[in-house]
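J.: could you work out the structure for the sequence below:
(one chain, ligands or ions: 1)
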Amino acid sequence: MKCDLAIIGAGPAGMTAAVYGARAGLSVKLVEMGAPGGQLVNTDWIENYPGFPEGLTGAELMIKFAMQAMNFSEVEYITSYVSGISRKGNELLLTTSGEEIEAKAIVVATGAMPKKLGVEGEQAFIGAGVSYCGTCDGAFFRDREVAVIGGGDTALEEAVFLTKFASKVTLIHRRDAFRGAKILQDRVRDNEKIEVLYSETLERILGDTNVEEVELKQVESGELHRMKVDGVFIFVGTSPNTEFLKNSDVELDERGQIKASTQLETSMPGVFVAGDARQTQLRQVSTAVGDAALATINASKYIEGL
Ligand code: NAP
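T.: The predicted structure follows:
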């Protein structure tokens with residue numbers, strides 16, 4: 001399969017890159033291993049993406065992005081897993097779970113996935129009380145008590161979201177101040193179903209077939225105590241989806257994030273990056289979209305120069 005521009009990942013960045021690539025007159029292959037949307041699909045409510053003053057669900061926004069991208073006949077959606085990229089002369093090759101794809105330029109928009117904590121019981125109880133997605137699993141905890149771990153935007157948003165179902169949400173953060181946005185901190189504080197435990201860490205998740213309790217440590221004293229919960233929701237940041245680049249010429253930092261120039265070109269000529277997979281300070285739908293516009297315009301200039 002041949003194309004001008006291959007886009008890897010169909011989240012907000014990938015779908016925006018498809019729109020910009022098509023409008024630049026490029027033939028575009030949008031390669032995604034599953035359904036479109038990326039992390040957007042697991043986001044309950046979006047109120048900071050401009051143009052939607054009433055807010056909308058992540059799924060609704062994803063459908064709008066996908067419809068806009070697929071309106072262009074230049075864009076072909078391919079369901080395939082990309083396991084590597086390499087160069088053959090002027091062409092870039094994508095090794096996939098299906099047919100090999102040959103492209104003149106690539107925009108990597110593979111995003112990120114929730115990080116694991118690595119504590120005892122976490123892996124064993126995934127699907128049996130441990131979750132990384134309130135929108136997906138919240139309804140299983142109707143009238144139950146859950147713990148939420150983390151202090152960033154995601155943990156605060158999800159703690160509030162989970163109060164729709166849970167009878168009590170205990171938000172556990174390792175420091176005495178949250179990292180997340182002030183408006184989300186206020187919502188947590190004003191929600192009577194949420195109790196906050198500052199300066200505590202999750203040490204172990206315990207139970208028989210399902211989660212029954214957690215062991216927590218008070219950071220200053222080192223003292224351990226246990227708390228009965230039915231579920232544990234972990235939101236301690238994200239890891240970039242860049243495993244497939246490990247053997248390529250695309251340089252990654254120590255956290256696996258893609259390094260890029262201010263023009264969003266990576267260390268591999270012709271390969272650009274947009275969204276949460278790159279080394280960046282802010283990971284929002286709006287930043288992913290802005291990245292994709294810049295990366296794709298530069299990819300099209302790169303193709304012109306070939
Ligand atoms: P994040 O901002 O990196 O926050 C991760 C949180 O987990 C921090 O509070 C951190 O604690 C804590 N943490 C990390 N490792 C831990 C560990 N080993 N044990 C205990 N706690 C740990 O991640 P995020 O909240 O998933 O957000 C990711 C990105 O998406 C951010 O850029 C965020 O702004 C963005 N986002 C935006 C929105 C929105 O705009 N509405 C919504 C969701 C996410 P410390 O604070 O002590 O480091």
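
J.: from the ligand, how far out is the nearest residue to H173 once chain neighbours are set aside?
T.: Excluding its sequence neighbours, the residue lying closest to H173 (Cβ to Cβ, 6 or more residues apart in numbering) is G151, at 3.7 Å. Where C-beta positions appear, they are placed from N, C-alpha and C, glycine not excepted. Remark: distance between G151 and the ligand (Cβ to the nearest ligand atom, to the nearest Å) = 3 Å.

J.: OK, contacts around G151?
T.: Shown in contact with G151 (Cβ atoms under 8 Å, 6 or more residues apart in numbering): 173-175, 177-180.

J.: any of those residues buried? List them.
T.: 173, 178, 180 (16 or more other Cβ atoms under 10 Å).

J.: how far out from the middle of the chain is the longest helix seen in the chain?
T.: The helix that spans the most residues within the chain, counting by DSSP state H, is helix 285-304. Helix 285-304 sits 19 Å away from the centroid of its parent chain (Cα atoms, centre = their mean, to the nearest Å).

J.: quick one: pLDDT of the closest residue to the ligand within the stretch 101-250 of the chain?
T.: The nearest approach of the stretch 101-250 of the chain to the ligand comes at G152, 2.4 Å away (Cβ to the nearest ligand atom). Looking at G152, its pLDDT stands at 97.

J.: quick check: it touching R179?
T.: Yes: in this structure G152 lies within contact range of R179 using Cβ atoms under 8 Å: 4.7 Å.

J.: what about the closest residue to E200 other than its chain neighbours, neighbour count?
T.: Leaving out its chain neighbours, the residue that sits closest to E200 by Cβ to Cβ, 6+ apart is L216, at 4.8 Å. Residues within reach of L216, counting by other Cβ atoms under 10 Å, total 21.

J.: in the sheet, who's paired with L216?
T.: L202, H225 (DSSP bridges).

J.: who's in contact with stretch 177-196?
T.: By Cβ under 8 Å, 6+ apart, stretch 177-196 touches 151-157, 159-160, 163, 166-171, 173, 198.

J.: anything in it near the ligand?
T.: Yes: counting by Cβ under 6 Å from any ligand atom, contacts between stretch 177-196 and the ligand involve R179.

J.: quick check: which ranges of the stretch 51-200 of the chain have low pLDDT?
T.: Counting by pLDDT under 70, not a single residue of the stretch 51-200 of the chain qualifies.

J.: residue boundaries of the strands in it?
T.: All strands of the stretch 51-200 of the chain, identified by DSSP state E, counting those that start in this stretch, fall at 75-79, 82-88, 91-96, 101-108, 112-114, 130-131, 145-149, 168-172, 194-197, 200-207.

J.: what parts of this structure come near the ligand?
T.: 48, 117, 150-155, 157, 174-175, 179, 201, 235-238, 282-284.

J.: sort out for me which of the residues you listed are in helices.
T.: Residues of these located in helices (DSSP H): 153-155, 157.

J.: okay, these in CSV with distance to G121 next?
T.: Below are those laid out as CSV (distance: Cβ to Cβ, whole Å):
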residue, distance to G121
D153, 26
T154, 21
A155, 19
E157, 25
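
J.: could I have the buried ones of the residues you listed as ChimeraX selection syntax?
T.: Listed next is the ChimeraX selection for buried residues among these, using 16+ other Cβ under 10 Å:
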select :153,154,155,157
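
J.: looking at the residue located most distally from the centre of the chain now. What's its pLDDT?
T.: The outermost residue of the chain, judged against the average C-alpha position, is S221 (34.5 Å), by Cα atoms, centre = their mean. Per-residue confidence at S221 stands at 98 (pLDDT).
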